[in-house]
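# Would you be able to build a 3D model of this:
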Amino acid sequence: MKRGNRPPEDSVFLISQLDKKLTSRFSVSSSIDSNVTCGIRCNQQDEKRVVSVARMMRDISQAVLDRPFVRYATAVVVLAASFFLRYFLVQGLGLSLPPFVTFYPAIMLVAFLAGLWSGLLATALVALAADYFFLPPFGFGIASMSDVVALALFALMGIFMSLVAEGYRRSLLSIAAYKVEQALWVSNKNWMWHWPA
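Below you'll find the predicted structure:
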């Protein structure tokens, strides 16, 4: 399989494995002359930055994506916050807002943080909540055809945003895994080239 085509689950595993190898390499002290040591330290700082970003993405991925309850709870919490934001803007400030305006960014955020299925769950929950709370007659049921079309378009946009956010999230994980692999390759090359005799 090509280096850039790994699925994200392999990317998370690869990041953790390469992180261990890279960290153990940096902790080794050797008797390389000062010029070479300075060059390796500079490269190590760049590589450590890459590893720290990869660690952060791995930690977020493991904390959120490895536990289904946390993924779906994230969806519910973000949607509740966007619902209360809309309620405050309409009831508290007296603004007249379209029914779905605060939910578009919420669905994108949920899909980016928690994955595709959480984004789709968020879309379904918002569609049900909008039908019940915002579209007349209040309760389940839609009176006008324009509201049906608006709800259908919102659901399609929610699905589309979830797919785009999932693709972006997977790309970030693959890029982070590639950068860690590349940093390990460079450090292996430096260590083999400058290894004391």
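
# Relative to Arg170, how far out is Ala122?
Distance check for Ala122 against Arg170: by C-beta to C-beta, to the nearest Å, it reads 18 Å. Quick note: C-beta positions are derived from backbone N, CA and C, even for glycine.

# Touching stretch 67-81 from outside, list them.
Contact with stretch 67-81 is made by 63-65, 103, 106, 109-110, 113-115, 117-119, 121-122, 125-126, 129, as judged by C-beta atoms under 8 Å, 6 or more residues apart in numbering.

# 10 Å instead, please
Stretch 67-81 is contacted by residues 63-65, 102-103, 105-111, 113-126, 129 when judged by C-beta atoms under 10 Å, 6 or more residues apart in numbering.

# which regions of the chain lie under the pLDDT threshold?
In the predicted model of the chain, residues 1-65, 188-197 satisfy pLDDT under 70.

# May I ask you to name the longest helix in it?
In the chain, with assignment by DSSP state H, the single longest helix is helix 145-193.

# does Pro99 sit in a helix, a strand or a coil?
Here Pro99 is coil, with the state taken from DSSP: H, G, I helix; E, B strand; the rest coil.

# Now do the helices in this structure.
Using DSSP H, helices in the chain cover 8-27, 34-60, 68-87, 103-114, 116-129, 145-193.

# ok, back up a step: looking at Ala122 and Arg170 now, which is surrounded by more residues?
Set Ala122 next to Arg170 and count neighbours by other C-beta atoms under 10 Å: Ala122 wins out with 28 against 17.

# thinking the more buried one is in contact with Phe154, fair?
No. Ala122 lies out of contact with Phe154 (C-beta atoms under 10 Å); the separation is 11.6 Å.

# shared neighbours, the two?
Common neighbours of Ala122 and Phe154 (C-beta under 10 Å, 6+ apart) are 103, 107.

# related to what we said a few turns ago, could you flag which of the contacts of stretch 67-81 are buried?
64-65, 102-103, 106-111, 113-116, 118-123, 125-126, 129 (16 or more other C-beta atoms under 10 Å).

# residues in contact with stretch 126-146?
75, 79-80, 82-83, 86-87, 90, 97-100, 102-104, 106-107, 110, 147-152, 154-155, 158.

# how far away is the closest residue to Ala165 other than its chain neighbours from Ala127?
Of all residues beyond its chain neighbours, the one nearest Ala165 is Ala111 (3.5 Å), with distances taken as C-beta to C-beta, 6 or more residues apart in numbering. Going from Ala111 to Ala127 by C-beta to C-beta gives 15 Å.
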